[in-house]
Structures are given as C-alpha cells and as structure tokens.
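Engineer: Only the shape, not the letters, is given here:
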C-alpha cells in the first residue's frame, strides 16, 4: 500500500491528474477494453453531466496503479453523484466497474445494460451475499478495471452531508484481495437532483427528482471530484480481530480529508437545501 505525503498544514496535496498513456495502452488491447455497452453509457453520461453542471477534477490515479487491480471508495451525497463519478473517471482516462445492489441490476432497461457492462452484484442481508463477496474478491484480484464502492452503503443522512459511519465491506474487500485503495471525495452533485425518497413506489415519487433535475442546467452547479492519495493499510494485519474496522476507519478518514478542501465555503450545513433528504444521523468523521 502507499502512504500519502502532506504539506506543512497536514493536508494531503491535490496532485495533477497523471498521464493517461497507461489507460490508452489498455484500451488498445481488446482483451482489456471495457465492454462496448459500458463505453457507450460512459460517453452519454459525460454529456449529461456537462449539461447539468460544471465538472472539476483534481488528483488522479498514479501511473503505477493503472492497469492493475484497484479499489476506489467514494462518499455518497446524492442520486446524481454516480453519474458525476463516471464522468470524472472518464475524464482522467479510465472506466471503473461498480459494486451495485441487486435491485439496480434487476431493474428493467438499465439492469440488463449494467449487467452487460460487467458490474458486480451484492445482495445485502441475503444468503448469497457471502458467495458474492468471495466472487468480488476474486474479481478484484484478477481485473484490470478499477472497482468502485460506496463504503457508506447509502446517501448520507448527516445534516452537514458529511460521510456516514458506513460499513466495513469495502475494507474487507481490500484486505482480502490485498489491493490498493484510492479514496474519492466529491461535492456538488447533491445540488443537481433531490434525494427524493428511500423507495420509488410510483410515478409521484419521481416528481421531485424530475423537477430538480430539469432545473439543474439553469442553476449550473459545480461538481468537484478529488482522487486522493492511496490509503496506507500496510500496518493492518487482515488476520487480526478488528482489522476490517481499522481499515474502514482509515478509508473513511481519507475520504473526509479530501472532502474538506472541496467545501471550504460550506463547512456546516450545505448551502443547497434539499427538503426531501433525511437528516437523522450524525457523521463520526466530520472534522
């Protein structure tokens, strides 16, 4: 694993995006290219994000980590942030696979496209989850496409939209597969589309999302995405009790550290008020 360097203020710097030569080389090899359907979705996604707002990306993936197994972990701030993450990754030259809930992969229309794109499935709370985790570990060890996971498991309910406590799944995956972890911090995607509702049960549940999303191009929010330095997990022995909790804490702190510079003007409550988003938890990572 890799230890981050810090400036005199103790903050990790935001290095410029690295060269994309390695990713272009991977694309030149048909065996390592993302599926055509995923390349098409990624291209359309970038267009959508550019219409909805302004994308600003800092940091990047070190050249030494490109073309090898890699786990990306990001904070979850809104229903639009997966679109922003896909566009940000594409901007610096790669297309990750997501670990998605089974309900998304089973959805009509988008589900088959996502399954064909090679995304990984996880059904939380089901007997198959253990088997799926083992499959994910094997996929992590052998893939040349980074896999992106939300450690929080859901959009943050913290009033300040700081990362929630989260779950240890991503940390356990990183330790079991022994792969580097790159934290991604993002801010601004929550302004594009309302949170809406926990479960969509009818057309009425989509109205708040549609209204806010259709006005996003008029408001032009700025989507800030930062790829941080790889998280140093080298001092954590995966065989010792509590290893996953310690690794999870390191990952969440790295995500939070990267988030602080992105929202210096909004250290408390977000400036954008979403009346539909719950605020019933308190982030343990808030600086």
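Structural biologist: Thanks, I have the structure now. If you're wondering where the values come from, they're calculated on a predicted model, not measured in any experiment. Numbers count the residues shown, from 1 in each chain.

Engineer: switch to C-alpha atoms for all contacts and neighbour counts from now on
Structural biologist: Noted.

Engineer: from what I can see residue 174 touches residue 168, true?
Structural biologist: No. Using C-alpha atoms under 8 Å, residue 174 is not in contact with residue 168, being 10.0 Å away.

Engineer: out of these two, which sits in the busier spot?
Structural biologist: Remark: of residue 174 and residue 168, residue 174 carries more neighbours, 24 against 20, as counted by other C-alpha atoms under 10 Å.

Engineer: Now do the SS call for the more buried one.
Structural biologist: Look at residue 174: counting by DSSP: H, G, I helix; E, B strand; the rest coil, its state is helix.

Engineer: do residue 55 as well
Structural biologist: Secondary structure, three-state DSSP: residue 55 is strand.

Engineer: Quick check, it in contact with residue 46.
Structural biologist: No. In this structure, residue 55 is not within contact of residue 46 by C-alpha under 8 Å, at 9.5 Å.

Engineer: got any residues that touch both of these two?
Structural biologist: In terms of C-alpha atoms under 8 Å, 6 or more residues apart in numbering, residue 55 and residue 46 are both contacted by the residues residue 84.

Engineer: could you pull out the helices for the stretch 51-200 of the chain?
Structural biologist: Using DSSP state H, counting those that start in this stretch, the helices of the stretch 51-200 of the chain run over 81-91, 102-105, 110-116, 128-142, 169-177.

Engineer: Show the pLDDT at the residue nearest to residue 260 when sequence neighbours are not counted.
Structural biologist: Distances taken as C-alpha to C-alpha, 6 or more residues apart in numbering put residue 267 closest to residue 260, at 7.6 Å, once the chain neighbours are dropped. According to the prediction, residue 267 has pLDDT 95.

Engineer: Doesn't residue 267 lie inside a strand?
Structural biologist: No. According to three-state DSSP, residue 267 belongs to no strand; its state is coil.

Engineer: Now for residue 208, how many residues are close by?
Structural biologist: By other C-alpha under 10 Å, 17 other residues sit near residue 208.

Engineer: need the contact list for it.
Structural biologist: By C-alpha under 8 Å, 6+ apart, the contact list for residue 208 reads 194, 196.

Engineer: State the number of residues packed around residue 207.
Structural biologist: That count, for residue 207 with other C-alpha under 10 Å as the rule, works out to 13.

Engineer: check contacts around it.
Structural biologist: With C-alpha under 8 Å, 6+ apart as the criterion, no residue contacts residue 207.

Engineer: where does it land in three-state SS?
Structural biologist: helix.

Engineer: how close does it sit to residue 196?
Structural biologist: Applying C-alpha to C-alpha, to the nearest Å, the value for residue 207 to residue 196 is 8 Å.

Engineer: What of residue 117?
Structural biologist: Computed with C-alpha to C-alpha, the distance linking residue 117 and residue 196 is 27 Å.

Engineer: quick revisit: look up how far residue 104 lies from the residue nearest to residue 260.
Structural biologist: Taken as C-alpha to C-alpha, the span from residue 267 to residue 104 is 33 Å.

Engineer: Give me the more crowded residue out of the two.
Structural biologist: Using other C-alpha under 10 Å as the criterion, residue 267 and residue 104 rank with residue 267 on top: 17 against 14.

Engineer: tell me the mean pLDDT over stretch 111-127?
Structural biologist: Per-residue scores along stretch 111-127 average to 69.

Engineer: Kindly report the same for stretch 194-204.
Structural biologist: Rounded mean pLDDT across stretch 194-204 is 87.

Engineer: what distance separates the start and the end of stretch 158-167?
Structural biologist: 15 Å.

Engineer: any idea how far it is from the chain center?
Structural biologist: Averaging C-alpha positions (C-alpha atoms, centre = their mean, to the nearest Å) puts stretch 158-167 14 Å from its chain's average.
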